[in-house]
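J.: What shape does this take:
(chains A and B)
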Number of protein chains: 2
Amino acid sequence: MEKRVKGISSSCVTISDPFWSQMQKKVIDVVIPFQEKVLNDEVPGVEKSHAIENFRIAAGLSEGEFYGMVFQDSDVAKWLEGVAYSLIVKPDAELEKRADAIIEIIEKAQQPDGYLDTYFIIKEPEHRWQNLHECHELYCAGHMMEAAAAYYDATGKDKLLHVTERLADAIISRFGSEEGKEHGIPGHQEVEIGLMKLYHTTGKEKYKNMARYFLEERGKNPDYFYQEKVKRGWQHWGQYSLDKLDVTYNQAHQTIYEQKEAVGHAVRALYMYTAMADLAGTDGDERLYGACRTLWDNIVGKKLYITGGLGGNSEGEAFSVNYELPNDMAYAETCASIAMVFFAHHMLEMDMDGAYADIIEKELYNSTISGMQLDGEKYFYVNPLECEPSVSGKLFGYRHALPVRPGWYACACCPPNLIRLVTSLGKYCFSESDSTIYSHLMIGQKAEMEKADITIKTRYPWEGEAVYGVTPKTEQEFTLAIHIPYYVDFEKQEAYLTVNGEKLDVQSLMKKGYVYIKRQWKAGDQVILHFPMEVRRAYANEHVREDAGCVALLRGPVVYCFEGVDNDGLLQSLRIPKDLKAVPELCEDGVLKGNVLLKIEGVRMIGSGELYSEEPPVKERAILTAIPYYAWANRGENQMRVWMLEES
Amino acid sequence: MEKRVKGISSSCVTISDPFWSQMQKKVIDVVIPFQEKVLNDEVPGVEKSHAIENFRIAAGLSEGEFYGMVFQDSDVAKWLEGVAYSLIVKPDAELEKRADAIIEIIEKAQQPDGYLDTYFIIKEPEHRWQNLHECHELYCAGHMMEAAAAYYDATGKDKLLHVTERLADAIISRFGSEEGKEHGIPGHQEVEIGLMKLYHTTGKEKYKNMARYFLEERGKNPDYFYQEKVKRGWQHWGQYSLDKLDVTYNQAHQTIYEQKEAVGHAVRALYMYTAMADLAGTDGDERLYGACRTLWDNIVGKKLYITGGLGGNSEGEAFSVNYELPNDMAYAETCASIAMVFFAHHMLEMDMDGAYADIIEKELYNSTISGMQLDGEKYFYVNPLECEPSVSGKLFGYRHALPVRPGWYACACCPPNLIRLVTSLGKYCFSESDSTIYSHLMIGQKAEMEKADITIKTRYPWEGEAVYGVTPKTEQEFTLAIHIPYYVDFEKQEAYLTVNGEKLDVQSLMKKGYVYIKRQWKAGDQVILHFPMEVRRAYANEHVREDAGCVALLRGPVVYCFEGVDNDGLLQSLRIPKDLKAVPELCEDGVLKGNVLLKIEGVRMIGSGELYSEEPPVKERAILTAIPYYAWANRGENQMRVWMLEES
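T.: Numbers count the residues shown, from 1 in each chain, chains lettered A, B, ... in the order given. Next comes the predicted model:
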């Protein structure tokens, strides 16, 4: 592990980017207000949320019964976190006032001992902390801590921070490895992330120590949840039984140091890895870093969809076995891809390796934002790489993989997760060490770093150029390290990097995916990174059954897909020639306006019409159209494929 | 529809065939005695059957409680039917005595009013005939009728026949379209087949009329089962609820004349189509024939696996939507393929079209016998076309598709169904009309027809030659019509048909897949059909997503597959060249001894080892081995594929 270089606060960055500014605008103008209405039960046709009303009832401000999931509180927390980041991007005094009001209610709902979970406060006060396996009190606590840290960061207001400190203190007083404490662990990891954020915001070691406790206690006793169940004698979901539990599902089967393979519920896993990586970096803990690296390598080497999707097994929304990456049955939850950004970002802090930034790019431009309809109004939880409308969302095995985004769900995890990712995008753009400013992403912006203000102008991901303007705040020499995407090859391509118009010898300045430019920077210095945006073909490892014989197309970080609506149906009858001729074309109207599409000279195979024929199908030339994967399913139900058969 | 030409009784044929005689030997020597032991609860480690004991208790010969499925009686019936056909193939006085004894118990169990179902006699006498939807009294009755007809055919003994006549009379007196009768239909079709067999054996019209009633009543009131449920107020499976029922599952959603697509549980559907086709042929009913033909065309044109498997949706063991034929998730139940033989055989009786005989061949050599381990000791219910041991039988979506045959099931449908198919094989070989003897299958045998004794000598399916010896019983001219498999092309191939050494002009004698040889036959006349057995490539319709880019190999009627054990693992990395060079090779030892394997000059694609690479994989030459599909999974858990990618 290298010396840790922490990421920056999103408040240091003002995004001004043709691609991302409109994404931020969508989540701020459409998704946040919509979710606020949902939380207040003001949207007809959407299942009642009751989440804010639950807090009111718990606070004694309203009368009534708890309603919703046992983890309903987390919806409010996630919304508050999104609001916090959005206030940085776009200040909104009215919104802030409404958020403040909700925080006041939350504060009033908190119990004198620091406890905070409206389900148990209202409904089953005698059952507090007895069902960590199913009841998600720690999960909700974690989200509230994340919200509190973000809200403090954005507004300087510390009311929620203090609420969550009291909550964290209550947790610390109850759980731990010490004699007399309960050796508990959460059924759904998340509190570990929350505690780390509380530590980063307050500087109080006890929160970091508690995060370490939860991480290191996990798997020490694989029967913990079972013993908890036997002891309490009741169950939240389904009927009480003495059946054994599958604790690979929530990664409690082994200690974090023993786990060599990413298994179980993908979001639980990735939240855990995120906290592990944050803690490893924070403490400079080599052993923990090694554990992170082992799991990272397993994911990136054997369990990641080319779109950045994670989770090949819809049962348990889980990682499947190595190399089992079904396209039409993928789970690939939006939240898992978002969590992969968190994980990658912490890994990058420990090891300034462009491979991590490349994965962040892959996630950002593909299977995170594919979760949102282009108008911001509907959402996918599941992001398959193939869709057949007669099957997807309908038949056994495929019910989870809907052909179009269905709108708001009762269990609202993915949309608010997208809000917080998109509004906090700034924090993934730069890191700064004593000597170096690292630029990870080509996103148009104005960034205020310690050593310099930096502007980036770019039309990435559609064009391969970024113009960096550097205005140093110091006369000292320092290094600007710019991440070069893995697919840019200065040896083979007409790519260049200039400083004030002079080409640099990139090869000699490149280390693990970053070009290090060390100089005495002067106001007005301009760096231009330029590379051709070629359409690239990717092939999957031959262990991946589902992609055998197929090719996927990429341009820059964008993975492309084919939809039936552009290609006259039957995508499986199309073939991509080995000698690929693909022309990028800016889409100038319709719902895909502004996206670069690909026009490809392809082939269509036409058979005899019989179910089986002993005559090979005949080939017909066809002009094919590919669109960015993230933009699929915006034109009604139709077929979609990422992996296309290569011509034979 | 042509004038119906009924099939013959299996007692007219003595199979003497290198391929089929050993299959018959296996089911007679291994499967029948094993099932007898199971029925008598004499096999340790196999779930208790109790099926014969249930009859003893119902007969008052024993004391105790009913045990088993509500349709446990059908296991006894199916075994008796298999025994009947086996006694024709291989007389066995001791076995016959034991079967007689069981029939005596059955007779004693029958109630004075003709009712016969041990579950309700012993356990819930007050609930008789109230739950046709779930409780399968009519299903069990149908199997008992089939057993009775076969046993009478084989032994001339009519005790069971009389039992089932009384049972049928009880059914007729209760159900029907007449005023005062219950307008009932069975939840699982089968009684229709049984009633038709009872009619064919006894000549009594009332049984045929009752079969017609059950077929034509079906779907007239799609809510029948729901109304039955509401009326009775209890449920056999699961908790009583007022939920609506999915009656496409058991084909009760429309009348048989309105149904245009094969839907729902494949075995239920195919049993129904079988009875429809039998009735259509028996009555010369053009409208009913049209209904059969519509469903046949849908299956053969859109819903049939190349192996003959039926049922692309494991949920409900059902037909999937058109062209949805997943290979690794196939259900393709052994029983469904067996039922397809029944259906095809009745269709052939109405229309002497080789296409029906071709489907019978496809079923016989592929997805029926794939249900049985080569040693006869274990069975598949599910016959997938692709197996990946890390996934098949283990993961969600694939649990039903086991990688090896697991032995006897608690619900014993497929093994006894295989017994009756293989032991009654003779009846599918010939038909005889006033003018013509039709030979449908190239199976070595001695057949006694009305007009002639005919012997066939052949090493089919491994060699493309059959030698017919004709010994006429009449001096009249008559026609011998020989089915020519669809893949034999006398114009293109070195194929010939000779009579006593003289080549015939086949083209002029051919009509719908049969060569009609009309002459005054003399004792000692010899017909030789000869054709080259080429390895053929088949391509699926481009609507079939799962087979796109792939080719399947066939030789004669045998569909081939590739197993990992022969091909150094990773079948999806192999490619079949377009310019196929495949050499047949007789396997001379090991468990596959006697089978013709294929050695193919193929290609293996080797990638970079990374999960995704932008370099195309490199090709390496490889000698590949294909084995007959039916013989897969006889050498332990390993990968298997029928559809292989073609080289690109």
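J.: Can you spell out the domain ranges of chain A, please?
T.: A:1-49+A:254-428, A:69-221, A:430-530, A:538-645 (automatic domain parsing).
J.: What separation do you get for A:Leu270 and chain B?
T.: Distance, A:Leu270 to chain B, using C-beta to the nearest C-beta, to the nearest Å: 17 Å. Glycine gets a C-beta too; all of them are placed from N, C-alpha and C.
J.: Make sure that residue is actually in contact with A:Ala336.
T.: Yes: with contact defined as C-beta atoms under 8 Å, A:Leu270 counts as touching A:Ala336 (5.7 Å).
J.: Can you pull the residues that touch both of those two?
T.: A:Leu310 (C-beta atoms under 8 Å, 6 or more residues apart in numbering or on different chains).
J.: Tell me how many other residues surround the residue lying closest to A:Glu36 once chain neighbours are set aside.
T.: Nearest non-adjacent residue to A:Glu36, counting by C-beta to C-beta, 6 or more residues apart in numbering or on different chains: A:Trp79, 6.7 Å away. Neighbours of A:Trp79 under the rule other C-beta atoms under 10 Å in any protein chain shown: 27.
J.: right, and A:Ile172 touches A:Lys208 too?
T.: No: at 11.2 Å, A:Ile172 does not count as touching A:Lys208 under the criterion of C-beta under 8 Å.
J.: Give me the more crowded residue out of the two.
T.: Neighbour tally, A:Ile172 and A:Lys208, criterion other C-beta under 10 Å: the higher count belongs to A:Lys208, 20 against 17.
J.: Assign a three-state SS to the more buried one, would you?
T.: Here A:Lys208 is helix, with the state taken from DSSP: H, G, I helix; E, B strand; the rest coil.
J.: Quick one: the domains of chain A as CSV, columns for mean pLDDT too.
T.: Below are the domains of chain A laid out as CSV (pLDDT from 0 to 100):
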stretch, mean pLDDT
domain A:1-49+A:254-428, 94
domain A:69-221, 97
domain A:430-530, 96
domain A:538-645, 97
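J.: what's the closest of those to B:Glu228?
T.: With C-beta to C-beta, the closest approach to B:Glu228 among the domains of chain A belongs to domain A:1-49+A:254-428: 26.3 Å.
J.: how about the domains of chain A in a markdown table, adding distance to B:Gly371?
T.: Formatted as a markdown table, the domains of chain A follow (distance: least, C-beta to C-beta, whole Å):
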| stretch | distance to B:Gly371 |
| --- | --- |
| domain A:1-49+A:254-428 | 22 |
| domain A:69-221 | 42 |
| domain A:430-530 | 50 |
| domain A:538-645 | 22 |
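J.: does the most centrally placed residue in chain A count as helix, strand or coil?
T.: Centroid-nearest residue in chain A: A:Ile338, 0.5 Å away (criterion: C-alpha atoms, centre = their mean). Under the three-state scheme (three-state DSSP), A:Ile338 adopts helix.
J.: ditto for A:Ile57
T.: Going by three-state DSSP: A:Ile57 is helix.
J.: That one: what's it in contact with?
T.: A:63-66, A:118, A:122.
J.: Please apply the same query to A:Ile28.
T.: So, once contact is read as C-beta under 8 Å, 6+ apart, A:Ile28 ends up touching A:86, A:89-90, A:423.
J.: re the thing from before, ok, so of the contacts of A:Ile57, who is nearest A:Tyr516?
T.: Distance to A:Tyr516 across these (C-beta to C-beta) is lowest for A:Thr118, with 51.2 Å.
J.: For the stretch 101-250 of chain A, just list every one of the strands.
T.: Using DSSP state E, counting those that start in this stretch, the stretch 101-250 of chain A contains no strands.
J.: At which residues are the helices of the stretch 251-400 of chain A located?
T.: With helices called from DSSP state H, counting those that start in this stretch, the stretch 251-400 of chain A shows them at A:266-283, A:286-298, A:334-350, A:354-365.
J.: name the helices or strands packed onto the longest one?
T.: Okay, so that is helix A:266-283. For helix A:266-283, the packing partners by 3 or more C-beta pairs under 8 Å, 6 or more residues apart in numbering or on different chains; DSSP states H and E come out as helix A:191-202, helix A:205-217, helix A:286-298, helix A:334-350.
J.: of all these, which lies closest to chain B?
T.: Closest to chain B of the helices and strands packed on helix A:266-283 is helix A:286-298 (C-beta to the nearest C-beta; 10.4 Å).
J.: Helix A:266-283 and the closest one, what's the angle between them?
T.: 140 degrees (axes from the mean of the first three to the mean of the last three C-alpha atoms, to 10 degrees).
J.: so does helix A:286-298 get close to chain B?
T.: No: on the criterion C-beta under 8 Å from any C-beta of the partner chain, helix A:286-298 is out of touch with chain B, staying 10.4 Å away.
J.: Please point out which parts of that helix sit buried.
T.: A:288-289, A:291-296, A:298 (16 or more other C-beta atoms under 10 Å in any protein chain shown).
J.: Of these, which pair is most distant in space?
T.: A:Leu288 and A:Asn298 (16.1 Å).
J.: in the stretch 151-300 of chain A, what residue is nearest chain B?
T.: A:Val300 (6.8 Å).
J.: burial count for that residue?
T.: Using other C-beta under 10 Å, A:Val300 has 20 neighbouring residues.
J.: shouldn't it be in contact with A:Asn541?
T.: No: counting by C-beta under 8 Å, A:Asn541 is not a contact partner of A:Val300; they are 11.7 Å apart.
J.: who touches both of the two?
T.: Shared contacts of A:Val300 and A:Asn541 (C-beta under 8 Å, 6+ apart): B:Leu611.
J.: ok but A:Ala99 is inside a helix, no?
T.: Yes: the assignment for A:Ala99 (three-state DSSP) places it in a helix.
J.: In contact with the residue nearest to A:Gln572 when sequence neighbours are not counted, which residues are there?
T.: Closest residue in space to A:Gln572, ignoring its immediate chain neighbours: B:Ala548 at 3.7 Å, by C-beta to C-beta, 6+ apart. Counting by C-beta under 8 Å, 6+ apart, B:Ala548 touches A:572-573, A:605, A:645, B:540, B:542.
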